[in-house]
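Asker: would you be able to build a 3D model of this:
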Amino acid sequence: EVLLVESGGGLVQAGGSLRLSCVVSGITLDEYNIAWFRQAPGKEREGVSCITSAGSRFYDNAVAGRFTISKDNAKNTLYLQMDNLQVEDTGVYYCSTVAPFVPCESDADKPYWGKGTRVTVSA
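Answerer: You can find the predicted model right below:
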């Protein structure tokens, strides 16, 4: 069974930082690409960043330069360091095997999603 469990969300002021984590079981991050998505209130879910099994990283233009995706293969854990957070970064953040960008195309047998962690950025 594949499980993805996010944590690290919270309330932060604009300009602040948060670090999200996603503990993965059932697949190994040295074999599978993995990604972060987010869903703002009233909006569709959108891709934020992804990292390939080999470690190549890709970002949406809205977060490039402020967010950093990384992983620890030994811990099978994905991270998202979010700096200089803005109000528009507010939303629920999900990790997933779904590819938000073509270079992170998934080899998973089906889409897997975590339940999400909420990030709220206040002005």
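Asker: okay, the nearest residue to Ser122 once chain neighbours are set aside: pLDDT?
Answerer: Spatially, and ignoring its direct neighbours in sequence, Ser122 is nearest to Gln13 (5.5 Å; CB to CB, 6 or more residues apart in numbering). Every residue, glycine included, has its C-beta placed from N, CA and C. Note on Gln13: pLDDT of 98.
Asker: Gln13 contacts Thr120, correct?
Answerer: No: the pair Gln13 / Thr120 is not scored as a contact, 10.1 Å apart, by CB atoms under 8 Å.
Asker: the two: which is more packed in?
Answerer: Thr120 (16 against 10; other CB atoms under 10 Å).
Asker: for that one, which non-adjacent residue is closest in space?
Answerer: Leu11 is the one closest to Thr120 (CB to CB, 6+ apart), at 4.7 Å.
Asker: ok, that neighbour - how many residues close by?
Answerer: 12.
Asker: neighbouring strands for the helix or strand containing it, and are they parallel or not?
Answerer: Under the criterion of DSSP states H and E, Leu11 resides in strand 10-13. Using DSSP bridges, strand 10-13 pairs in its sheet with strand 117-122 (parallel).
Asker: ok, back up a step: quick one, what contacts the residue nearest to Thr120?
Answerer: Counting by CB atoms under 8 Å, 6 or more residues apart in numbering, Leu11 touches Thr120, Val121, Ser122.
Asker: mind doing that once more with 10 Å?
Answerer: Leu11 is in contact with Leu18, Thr90, Arg118, Val119, Thr120, Val121, Ser122, counting by CB atoms under 10 Å, 6 or more residues apart in numbering.
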